[in-house]
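> quick check, what structure comes out for this input:
(4 chains)
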Protein chains: 2
Amino acid sequence: MEQIAADRNSAVTDTERRAKLFRGLADPSRLAILDALREGPLVVHEIVGRTALTQPNVSNHLRCLFDCGLVISRRDGRFVRYQISSPKIDDLLRDAEALLDVVAEGIETCRNYRLDEDDVAPGAA
Amino acid sequence: MEQIAADRNSAVTDTERRAKLFRGLADPSRLAILDALREGPLVVHEIVGRTALTQPNVSNHLRCLFDCGLVISRRDGRFVRYQISSPKIDDLLRDAEALLDVVAEGIETCRNYRLDEDDVAPGAA
DNA sequence: GTTCCATATCACTATTCGCTGATATAATAT
DNA sequence: ATATTATATCAGCGAATAGTGATATGGAAC
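This is a model prediction of the structure:
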């Protein structure tokens, strides 16, 4: 982005922080992982099984979620058990669902960024 | 992403829709625009003035937000007045702020995607 | 010790997204 | 009609990111 003006000191504005928080939730893989964890703590291979993502991919995203403070982890023998870090995350996800009830079709309409991989229907000229 | 398993029919899972909703909020420019609109309806050039973004950039993002159903618009003479489409958006943004109070430092830590443009300090090998 | 299982790390690549600049459209005023 | 202001559209570029595969690390069992 260009710049949000002012705040040349704190280097990171509140707006940027919030945007980055949303970015943590804006990936289908990460969101699937968080959804799985909403029902309770899980070890990595359990998450892999429930999301159909590859193991390195899950680990990569878990690292991201962990760094962001959205999940916490604890070693349990050979396993590492992850869980949601705060109930506020659940609140946020619930709010998102409520909002989605209102704007669902719109979301699919938006062509600015893609949701699936279908461009224009072939032959729809 | 790879695939979330099942749901081969609806083509678009709920998880994907939610991820896309968050994506709408995950850009600092779009978030700045929404923040400006939280205080009341504004016409485009007012948004431009408050965000220090260029006019085409603002229009592009407004189109995205509009398609997503996050804002609505009404022509007013030569102007087009935009406003937040639902109070639920404000709820969501508030929840995000509350969550950020808890995970703020973490968010800045996460290196998976960047917030500002400082990589590694040059010469920190 | 060695082997096996669980998880993490990392470089690489393809794809995607945001910004810009030029330009088109729309509405009003002169 | 022409000029002027307000907004929208679009192509192209540069940068950032998600997924993969190979591999490293950690811990338990034998």
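
> which helix is the longest one in chain A?
The longest helix of chain A (DSSP state H) is helix A:87-109.

> near DNA strand D, anything from it?
No: counting by C-beta under 7 Å from any atom of the strand, DNA strand D is not contacted by helix A:87-109; separation bottoms out at 12.9 Å. In this view, the C-beta of every residue, glycine as well, is placed from N, C-alpha and C.

> angle of that helix against helix B:87-109?
Angle between the axes of helix A:87-109 and helix B:87-109 is 120 degrees (criterion: axes from the mean of the first three to the mean of the last three C-alpha atoms, to 10 degrees).

> in helix A:87-109, which residues are buried?
Taking 16 or more other C-beta atoms under 10 Å in any protein chain shown as the neighbour-count basis, helix A:87-109 is seen to contain the buried residues A:88-89, A:91-93, A:95-96, A:99-100, A:103-104, A:106-108.

> same question, stretch A:56-63
The neighbour-count criterion (16+ other C-beta under 10 Å) identifies A:58, A:61-62 as the buried residues of stretch A:56-63.

> what about that stretch, average pLDDT?
Stretch A:56-63 comes out with an average pLDDT of 97.

> stretch A:90-98 now?
Per-region confidence: stretch A:90-98 scores 96 on mean pLDDT.

> anything in stretch A:15-27 near chain B?
Yes: between stretch A:15-27 and chain B, judged by C-beta under 8 Å from any C-beta of the partner chain, the touching residues are A:15-27.

> circling back to that earlier point, and the buried residues of helix A:87-109, which is closest to DNA strand D?
Sorting the buried residues of helix A:87-109 by how near they are to DNA strand D, with C-beta to the nearest atom of the strand, puts residue A:106 at the top with 14.9 Å.

> what's near enough to touch the nearest residue to that closest one once chain neighbours are set aside?
Using C-beta to C-beta, 6 or more residues apart in numbering or on different chains and skipping residues adjacent in sequence, the residue nearest residue A:106 is residue B:69, 2.7 Å away. Shown in contact with residue B:69 (C-beta atoms under 8 Å, 6 or more residues apart in numbering or on different chains): A:102-103, A:105-107, A:109, B:85.

> three-state assignment of residue B:69?
For residue B:69, the secondary-structure state derived from DSSP: H, G, I helix; E, B strand; the rest coil is coil.

> phi first, then psi, for it.
Per-residue torsions, residue B:69: phi 80, psi 10 (degrees, to the nearest 10).

> circling back to that earlier point, let's have the contacts of residue B:69 in a markdown table, adding pLDDT.
A markdown table is the format used below for those (pLDDT from 0 to 100):
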| residue | pLDDT |
| --- | --- |
| A:102 | 91 |
| A:103 | 90 |
| A:105 | 82 |
| A:106 | 86 |
| A:107 | 90 |
| A:109 | 84 |
| B:85 | 96 |
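
> out of the buried residues of stretch A:56-63, who's near chain B?
Subset of those in contact with chain B: empty, counting by C-beta under 8 Å from any C-beta.

> out of these, which are inside strands?
In strands, defined here by DSSP state E, there are no members of the buried residues of stretch A:56-63.

> tell me which of these is nearest to residue A:74?
residue A:62 (12.8 Å; C-beta to C-beta).

> and the end-to-end length of stretch A:67-76?
Taking C-alpha to C-alpha, to the nearest Å, stretch A:67-76 runs 20 Å from one end to the other.

> ok, now stretch A:73-81?
5 Å.

> now the worst-scoring helix or strand of chain A on mean pLDDT - C-alpha only, PDB.
When each helix and strand of chain A is scored by mean pLDDT, DSSP states H and E, helix A:87-109 comes last, with a mean of 92. What follows is helix A:87-109 as a C-alpha-only set of coordinates in PDB (Å, rounded to 0.1, in the frame of the first residue of the first chain):
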ATOM      1  CA  PRO A  87     -11.800 -17.500  23.600                       C
ATOM      2  CA  LYS A  88     -11.800 -14.100  21.900                       C
ATOM      3  CA  ILE A  89     -10.800 -15.900  18.700                       C
ATOM      4  CA  ASP A  90     -14.000 -17.900  18.900                       C
ATOM      5  CA  ASP A  91     -15.900 -14.700  19.400                       C
ATOM      6  CA  LEU A  92     -14.300 -13.200  16.300                       C
ATOM      7  CA  LEU A  93     -15.100 -16.300  14.200                       C
ATOM      8  CA  ARG A  94     -18.700 -16.300  15.400                       C
ATOM      9  CA  ASP A  95     -19.000 -12.700  14.400                       C
ATOM     10  CA  ALA A  96     -17.700 -13.500  11.000                       C
ATOM     11  CA  GLU A  97     -20.300 -16.200  10.600                       C
ATOM     12  CA  ALA A  98     -23.000 -13.900  11.600                       C
ATOM     13  CA  LEU A  99     -21.800 -11.300   9.100                       C
ATOM     14  CA  LEU A 100     -21.500 -13.900   6.400                       C
ATOM     15  CA  ASP A 101     -25.200 -14.700   6.800                       C
ATOM     16  CA  VAL A 102     -25.800 -11.200   5.600                       C
ATOM     17  CA  VAL A 103     -23.200 -10.900   2.800                       C
ATOM     18  CA  ALA A 104     -22.700 -14.400   1.700                       C
ATOM     19  CA  GLU A 105     -23.600 -14.000  -2.000                       C
ATOM     20  CA  GLY A 106     -21.700 -10.800  -2.200                       C
ATOM     21  CA  ILE A 107     -18.600 -12.500  -1.000                       C
ATOM     22  CA  GLU A 108     -18.700 -14.900  -3.900                       C
ATOM     23  CA  THR A 109     -19.400 -12.200  -6.300                       C
END
